[in-house]
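Chemist: Got a predicted structure here, sequence first:
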Amino acid sequence: MIAAERIAALTARESERFVAANPRAVAAAGRGNSWFGQVPFHWMLDWPSPVPLVAAAAQGATLTTIDGQTLNDFCLGDTASMFGHSPPALAAAIAAQGTQGLSYMLPTEKSDAVSALLASTFGLPRWQVTTTASEANRAVIRWCRGISGRRKILLFNGCYHGAVDDVFVDLKNGEPTMRASLVGQAHDFRGTSVVVEFNDEDALEAALAGGDIACVLAEPVMTNVGMVRDAPGFLHRLRALCDRTGTLLVFDETHTISSGFGGHSNTHGPMPDIMVIGKSIGGGVPTAVYGFTEAVATRMAALNAARPAGHSGIGTTLSANALAISAMQAMLSDVITRENYAVMLAGAERLVAGLAAVIARRELGWHMTQVGARVELLCSPVPPRNGSEAKAAMQPALEALIHLYLTNRGSLLAPFHNMMLVSPITSDKQIDQLVASVDALAVELLE
Ligand SMILES: Cc1ncc(COP(=O)(O)O)c(C=O)c1O
């Protein structure tokens, strides 16, 4: 156990170092503009640094700041740019579309090609586009309720699926509880959102037994409460229980697309009834998709035919616009490829091996978790089995120090729970530099 005083002292020193190295970012934070909180989106304040860095540009796996810092980017827009910033094919597609109109509320010829690419990449025959993964999840929940006639959904404790009201229910001492941090929450979802612990087959079986749950919405590996791996056989049991109880299985693969070509479902199985993918599918252009089986599509069509004309509550104006379709075509044709996954996975292996060696050499009692190209450093000895264990294992002060220390030495991690993504153009040198910085911090922590 590293002493809190040591962590605090190093954090103070590193904060000073950050401020000295980033005078323009500090000035920008203090200058005063019309943004609420000085940034155009309040999450940009969620970094552990004293003020947010101010980005100048990014290319490949490198981000530069207005202070002239060059950072090896392992955050990659928290997954949106996990295949690298501005891959040439994407940049060209966006530029070309830019002169031809961006939003028509009409399909284009390219959209046919994109549907074929989605089906062949992710192994589901039918697709729809939304503007964000949050929106895709909201749409999917609505469809599942609509076609099943069931009101309840099932979630795993500690999950995150975006700005989706129904999913902000936690288990506290075994009791469902609305997440206390929500802003302006008017509805209590405890009656319709059932929550069990990940990897708890008995609880899952009991919850589904009533046959009144429309869908299970899950990440195949939890990635938003630290990373929690599926226990051997758990996902196949989940699939079997859903089949037995007529429950739709939705895998939100927004993050687990890192697992391999076709996402976690195609890499490791099982296949869901509905799959959601956001963020990286447009390489940073706001767009997301959900895919589903022919059986689900038939039920959706029947529901559509039977309901009165009017608002469906599903969809937003910019969804599937020409820019989004062009971006996805470039990403799926040239960037989200088996070849690029091979490079990403090899890089991630190198990163895990390097950091695991540091942990062992310095006897830190931490561990690494890997989901393909997504890697996480957890400051606890044992991998958590569920959301409660993952929350209990968190060490916010230490995690923040690691993040700040690495930023000061040119490696940018995701702002939440020290997650690292390895892109197809992340170099061994960038990986080795990150590993060396963690080793240097370990030495200082143990002094
Ligand atoms: C698993 C998962 N699903 C959905 C979302 C929502 O994505 P967005 O914020 O792009 O809507 C996130 C965001 O982090 C996520 O991690």
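Modeler: Now that the structure is in, tell me what you want to look at.

Chemist: okay, now the residue of the stretch 251-400 of the chain found nearest the ligand: neighbour count?
Modeler: Of all residues in the stretch 251-400 of the chain, the one sitting closest to the ligand is residue 254 (3.8 Å; Cβ to the nearest ligand atom). Backbone N, C-alpha and C define where each C-beta goes, glycine included. Residue 254 has 29 neighbours, counted by other Cβ atoms under 10 Å.

Chemist: Determine the three-state secondary structure at it.
Modeler: Judged by DSSP: H, G, I helix; E, B strand; the rest coil, the three-state class of residue 254 is coil.

Chemist: Spit out the contact partners of it.
Modeler: Neighbour list for residue 254: 79, 133, 161-162, 219, 276-279, 288 [criterion: Cβ atoms under 8 Å, 6 or more residues apart in numbering].

Chemist: Next: residue 289.
Modeler: 118, 127-130, 136, 276-278, 281, 328.

Chemist: Would you list the phi and psi of it?
Modeler: Main-chain dihedrals, residue 289, degrees, to the nearest 10: phi -140, psi 160.

Chemist: What's opposite it in the beta bridge?
Modeler: Counting by DSSP bridges, residue 289 is bridged to residue 129, residue 277.

Chemist: Use 53 as the first number from now on
Modeler: Sounds good: first residue 53 from here, last item residue 341.

Chemist: Could you check how far it is from residue 360?
Modeler: Shown here: residue 341 relative to residue 360, a distance of 27 Å by Cβ to Cβ, to the nearest Å.

Chemist: for residue 496, same thing?
Modeler: Here residue 496 is placed at a distance of 66 Å from residue 360 (Cβ to Cβ).

Chemist: Check residue 115 too.
Modeler: Remark: distance between residue 115 and residue 360 (Cβ to Cβ) = 50 Å.

Chemist: Look at these two and report which has more neighbours.
Modeler: Taking other Cβ under 10 Å, residue 115 and residue 360 do not tie; residue 115 has more neighbours (23 against 5).

Chemist: isn't there a strand covering the more buried one?
Modeler: Yes: judged by three-state DSSP, residue 115 forms part of a strand.

Chemist: That one contacts residue 107, correct?
Modeler: Yes: judged on Cβ atoms under 8 Å, residue 115 makes contact with residue 107 at a distance of 6.0 Å.

Chemist: where does residue 368 land in three-state SS?
Modeler: Following three-state DSSP, the label given to residue 368 is coil.

Chemist: Surely it touches residue 182?
Modeler: Yes: the criterion here is Cβ under 8 Å, and residue 368 meets it with residue 182 at 7.0 Å.
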